[in-house]
Structure formats: structure tokens, C-alpha cells
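*Asks:* missing the sequence, but the structure's below:
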């Protein structure tokens, strides 16, 4: 995303942060780096890098990784990209590998509550103390490779990616699973040399950055394909699959397809504890990738199947009990048209299961995502609460309300988070046994998690990506 686009996308504190960063010199950063004594100062330092990402290409990340001794090349890994499903597939692969007795690193984004969720070893998140220590260690290298040019200082996502490389190498993991942040070709994670490259799905999303056609987006995702490295593909649109196969052919990579391996009917795909037929497609994709590394990491067919029933991936149709068991709260991130179609399948079953329409809390980023999400939830909701996630591109209540269909007969409300949720409780008026569904932006899911699980924010939501 270019600087002009970032300025238009951001308001308030975001604009101030960008301006301060642009006015900052590497000497200023050096002086600030000397005061990184605790997590609060580190958090603020990393926040100052949040919008620094206007320079296209991998050169900056390649120099940063090289300055660290290329730790990403010291650990075998699997690289996962895709419009939807890449986080779920990454979590499934992590579970399969860990259950087989391997020490496994998992790098995903964004986080729900704590920054350290992004970098996990055997599903233990990186602590604030570890983040402080690694930041202090990485900053001098970043300053050196920047060479006095602020445009060459790593962005927030690049810094976090390098932190993951270092954490996994120093933590002596047997294998790491890396989820791309955005796209693939220019993603900071694309300096790895994987055992398998995985492309889960391709649909229109982030079109202002990745391109406005399926073919263009497929080409960006195909950027993770490395010479001679096997490629696993989920169920892709025909035009997207053609692009992926062409790139794989040019780079002499074998392609393993879910459709070829499991057929067209998802009901015959591997079962998983994650809800929805789309998750069975993700399970098939993860299984196919796991089979390619099975011998190296001691994976058995039985172990792969068993692991799929034990996957933990918070915020994806995650069911919690609230109000002393009188109600259930479902958290489900849904951020684009393809996700809204998957949401429809799951939300349609709520009234059938409970005899009541759910109360739905939703929020989203960008006008391109709102129509499908709000149109879908309006069909099934008794009441709609439309909340703006605390992110620069979040739509306002008024903007989201404009997408509510005229035929919707329920109330459309806007209340602060602390008037809707508290620890283990939902504060809105509810019937006994009624379901509350929170959906839309994963950033909104994270904010609700803070209140329901902890009772108050922990103030790490600012450490999120621009998109």
C-alpha cells in the first residue's frame, strides 16, 4: 500500500503516528531503542513501525534476515498462503506435527488479544518479556541494515516476521509453519525455503493491493512457489488454478490437488472439530500437505486423522458459555464474500438448534466487505449490534447500517463494547438459551475476547496490521 493510500485510510492517532515516523531519523530510532526497558516501551516502539510499509519488494526483508544470519533457513518449514483458510490450515498442520512428537513453531497474524499469539512454539505464545528481549536484540541489526535510510528500516510486520525466524531458530524447533500476512509474492515471510508451499483458496479480497481479478490475485499468491518445491492447492476457481499450475510448471514443481486426491464432494473429506464444510476442505488441504512430509516428521495416517479432531483455532466458530451457562457466545471471523458464504451455512443452523434467532454483533473493515456480511446476518438475526473495530479502516455504525436491508424487521443498535460484554457475561437483553454470534472483522473478535475472557482490554490491539 502506498503512502497516499495509507494517509487516506487512517485517522486520528494513526495519522499522527505516520507523520512522526516520517519525520524520524535512524538516529531518533537508535535513541529510542536504548530506552526499550519494558513491554510498554517496546509496544510503543513497534507501534511506530505500524504504517511503515510503502516500499515494495522483498529487498528490505532479505537484508534484515541476512543481517540476522538467515535464521529462517535453519529450520524446516511449510509455507501457507490463500485468501481464506490459510490460518485454519496452518493450525491443522501445527497440530498434526506436534501430536506426532515434533517441536513446532507457528507464525500467524493478526493476534486476538496478545501480540505473542503471533509467534508460538508448541502452542505456547511468546511472552512479553521474550518480546522485549528479542526487540532489543533485533533493533541494532535493523538500524545497521537500514544504513541511515528510514525507507530501509523494517516495517512492523517485517519486524515481527524476523522475530519469528529468530524465535524458532533459537528455540530449536523441528519444523515451523508460516502463514503469509497478505498476498505472497512480496510478503515478508516469502524469504523462507519451505518443504511444501500451500495455497488454500483464492477469491477477490484486498483488490486495491493484490489486483482486481482472480488471475491477478492468483499470481500474487503463486509468488510463494519456489523452484522444485511441491505445491498443494485447495479447491480453487478454474482461472486461479490455471495460473498456479502455470507458475508451478515454469518452476518445475509438482502440484498436489485436493480435488484430484479427495474428489468433488466435501462430505467425503477428512473430518475436523472446526465447524463447516469449508473446514473439511481446509482439513483435506492440510492432510495433503502433511502426507508430503509424513516420513520426515513421523506422521501416520491415523495420527493425521486424530489431530484434525483436536485443532485449536480461536475465533473460528468458537463456542463459549456465558451468563452462567444460560447463553452461548459464538465467535467467528468472516472478512470477505467467500467467508460470508461459509458463514451462511453455519448461522442457518442456529435457529434450528435453539428455536430462536440469534443476536448478532458485527463489524467490518471497508465498504467492499460490508454488503455480503450484513446481508447474510440480516437474514438470520433477531437483533443487530453494529460495532466499529478499533482499527483505522473500520466502517462507522452509520456506514454499516446503510447496508442493512430494508426488509430487516429487528432492531439495529450501536453500544460501546463495555455495555455489551463483561467477563464471562453478555450484558444485552437475552432470552434463556439464546445465542449471541459475533462475526465480521477478526479485530472485532479480538476486542470481544478481551472483555469476555479477561474483563477489560490489555491494550495490544494497536499492534495490528494496516489491513
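*Replies:* Cool, the structure landed. Because the structure is predicted, anything quoted here is derived from the model rather than measured. Numbering: from 1, shown residues only.
*Asks:* nearest residue to the middle of this protein?
*Replies:* Residue closest to the mean C-alpha point of the chain, counted by Cα atoms, centre = their mean, is residue 109 at 3.9 Å.
*Asks:* that one and residue 115 touch, don't they?
*Replies:* No - with contact defined as Cβ atoms under 8 Å, residue 109 does not reach residue 115; the gap is 10.1 Å. From N, CA and C alone the C-beta is placed, and that goes for glycine too.
*Asks:* so where is the chain shaky, pLDDT-wise?
*Replies:* Low-confidence segments of the chain, defined by pLDDT under 70: 1-34, 51-56, 204-212, 465-467.
*Asks:* got the domain boundaries for it?
*Replies:* Following automatic domain parsing, the chain resolves into domains at 3-307, 318-454.
*Asks:* between those, which one is closest to residue 463.
*Replies:* Of all the domains of the chain, it is domain 3-307 that lies closest to residue 463, at 5.0 Å by Cβ to Cβ.
*Asks:* what about that closest one, distance to the chain center?
*Replies:* Domain 3-307 has its C-alpha centroid displaced from the chain centroid by 9 Å (Cα atoms, centre = their mean, to the nearest Å).
*Asks:* stretch 367-378 too?
*Replies:* 20 Å.
*Asks:* who's in contact with that stretch?
*Replies:* 207, 334-337, 339-341, 343-344, 347, 360, 362, 364, 384, 386, 395, 399-400, 403-405, 408, 437, 439-440 (Cβ atoms under 8 Å, 6 or more residues apart in numbering).
*Asks:* return the set of buried residues in that stretch.
*Replies:* Within stretch 367-378, the residues that count as buried by 16 or more other Cβ atoms under 10 Å are 369-370, 372-374, 376-378.
*Asks:* redo these as JSON lines? Include secondary structure and distance to residue 459.
*Replies:* Below are the buried residues of stretch 367-378 laid out as JSON lines (DSSP: H, G, I helix; E, B strand; the rest coil; distance: Cβ to Cβ, whole Å):
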{"residue": "369", "secondary structure": "coil", "distance to residue 459": "26"}
{"residue": "370", "secondary structure": "helix", "distance to residue 459": "27"}
{"residue": "372", "secondary structure": "helix", "distance to residue 459": "32"}
{"residue": "373", "secondary structure": "helix", "distance to residue 459": "27"}
{"residue": "374", "secondary structure": "helix", "distance to residue 459": "29"}
{"residue": "376", "secondary structure": "helix", "distance to residue 459": "32"}
{"residue": "377", "secondary structure": "helix", "distance to residue 459": "29"}
{"residue": "378", "secondary structure": "helix", "distance to residue 459": "33"}
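*Asks:* which one among those gets closest to residue 351?
*Replies:* Nearest to residue 351, judged by Cβ to Cβ, of the buried residues of stretch 367-378 is residue 377 at 12.6 Å.
*Asks:* where's residue 160, which helix or strand?
*Replies:* Taking DSSP states H and E as the definition, one finds residue 160 inside helix 156-170.
*Asks:* now for that helix, which elements pack on it?
*Replies:* Applying 3 or more Cβ pairs under 8 Å, 6 or more residues apart in numbering; DSSP states H and E, one finds that helix 156-170 contacts helix 39-47, helix 59-67, strand 104-107, strand 119-121, helix 128-146, strand 175-179.
*Asks:* would JSON lines of the ones you listed with mean neighbour count and distance to residue 286 be doable?
*Replies:* Shown next, in JSON lines, are the helices and strands packed on helix 156-170 (neighbours: other Cβ atoms under 10 Å; distance: least, Cβ to Cβ, whole Å):
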{"stretch": "helix 39-47", "mean neighbour count": "18", "distance to residue 286": "31"}
{"stretch": "helix 59-67", "mean neighbour count": "19", "distance to residue 286": "26"}
{"stretch": "strand 104-107", "mean neighbour count": "26", "distance to residue 286": "13"}
{"stretch": "strand 119-121", "mean neighbour count": "22", "distance to residue 286": "17"}
{"stretch": "helix 128-146", "mean neighbour count": "18", "distance to residue 286": "28"}
{"stretch": "strand 175-179", "mean neighbour count": "27", "distance to residue 286": "10"}
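*Asks:* separate out the buried members of the contacts of stretch 367-378.
*Replies:* Neighbour-count burial (16+ other Cβ under 10 Å) applied to the contacts of stretch 367-378 gives 334-337, 339-340, 343-344, 347, 360, 362, 364, 384, 386, 395, 400, 403-404, 437, 439-440.
*Asks:* filter the residues you listed down to the ones in helices?
*Replies:* When DSSP state H is applied, the buried ones among the contacts of stretch 367-378 are split such that 337, 339-340, 343-344, 347, 400 fall in helices.
*Asks:* so which pair among those is furthest apart in space?
*Replies:* Counting by Cβ to Cβ, the most remote pair of those is 344 and 400, 18.2 Å apart.
*Asks:* among the helices and strands packed on helix 156-170, which is nearest residue 249?
*Replies:* strand 175-179 (24.2 Å).
*Asks:* contacts for that closest one next, please.
*Replies:* Applying Cβ under 8 Å, 6+ apart, the external contacts of strand 175-179 come out as 75-81, 86-87, 90, 93-94, 97, 102-109, 164, 168, 189, 192, 194-195, 293, 297.
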